[in-house]
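*Asks:* Starting from these lines, generate the structure:
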Amino acid sequence: MAASGGAGLANRAVIVGAGEAGAQGAISLRQAGFKGEIIMLGAETAPPYQRPPLSKAYLKGELTQERLYLRPAAFYEKQDITLRLGERARHIDRAGQKVVTEKEEAISNDRLLLATGAPPRHLHAPAPISTASTIYARFRTRTPCGRSSPAKDAS
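*Replies:* As a prediction, this is how the structure comes out:
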C-alpha cells in the first residue's frame, strides 16, 4: 500500500476488496499504528470469510456460516474499520486520490490498497458432472455468505 501525501486529504485508507487480502491489509494497518480511517469496499454482501473451507466442512454441514468469517463484526467496529459491503469501486482517480463507487460516490484517500482477488473458475465437465463442479454448484445454490444465486450469474 503506497501512501501519498496530498494536501487537504483526510488521513484515510481505502481498501478495494473485502476478502482475505483486504481484511489482512486493514488488520496490518492497525497493527502498524495507522490511526486514520479505514474503509473496505467489497462487492460481496458478507464480511471477509475463509474461502478454502467452502469446499469442505461448510458444504458438508460441519461448519456454520458464521465460523467462515475471518473476524466477528464487533472486531471491525472496535478497530474502527468501516465495511462497505455490496458496494463496488467503479473507477480509481489516482491523480485526484479518489475511489469512485458504483453509486457515483467519490471517496478521497491518501492510502489505497487494491485487493480484489479473482472470480472463481467455472469447471466444465461432460456428464456426469465432476465432483468439483457438483461442489461449486451446491455452493452457488445455497447462496452462503451473500453470494448471488446462479440465476443472477447467468445474465
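
*Asks:* how many other residues sit next to the closest residue to residue 101 other than its chain neighbours?
*Replies:* Excluding its sequence neighbours, the residue lying closest to residue 101 (Cβ to Cβ, 6 or more residues apart in numbering) is residue 87, at 5.6 Å. C-beta coordinates here come from the backbone N, C-alpha and C atoms, glycine included. Counted with other Cβ atoms under 10 Å, residues neighbouring residue 87 total 20.

*Asks:* can I assume residue 76 is in contact with residue 70?
*Replies:* No. Assessed by Cβ atoms under 8 Å, residue 76 is found out of contact with residue 70, at 9.9 Å.

*Asks:* Can you work out which residues contact both of those two?
*Replies:* Contact criterion Cβ atoms under 8 Å, 6 or more residues apart in numbering; residues shared by residue 76 and residue 70: residue 47.

*Asks:* Tell me the first helix or strand C-terminal of the helix or strand of the chain with the lowest mean pLDDT.
*Replies:* Lowest mean confidence among the helices and strands of the chain (mean pLDDT, DSSP states H and E): strand 2-3, at a mean of 36. The helix or strand immediately downstream of strand 2-3 is strand 12-16, counting by DSSP states H and E.

*Asks:* ok, residues contacting the helix or strand following that following strand?
*Replies:* Note on strand 12-16: by DSSP H and E, the next helix or strand toward the C-terminus is helix 20-31. If you take Cβ under 8 Å, 6+ apart as the criterion, helix 20-31 is touched by 1, 13, 15-16, 38, 40, 42, 48, 50-51, 70-71, 76, 79, 81, 111, 113, 115, 117.

*Asks:* What's the ChimeraX syntax to select whichever of the residues you listed are buried?
*Replies:* Entered in ChimeraX, the line below selects the buried ones among the contacts of helix 20-31, by 16 or more other Cβ atoms under 10 Å:
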select :13,15,16,38,40,42,48,50,70,71,76,81,111,113,115
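
*Asks:* Mind checking which of the contacts of helix 20-31 are in helices?
*Replies:* Assigned to helices by DSSP state H, the following of the contacts of helix 20-31 qualify: residue 76.

*Asks:* remind me which residues of the chain are low pLDDT?
*Replies:* Scanning the chain for pLDDT under 70 picks out 1-10, 52-55, 120, 122-155.

*Asks:* Appreciated, that's everything.
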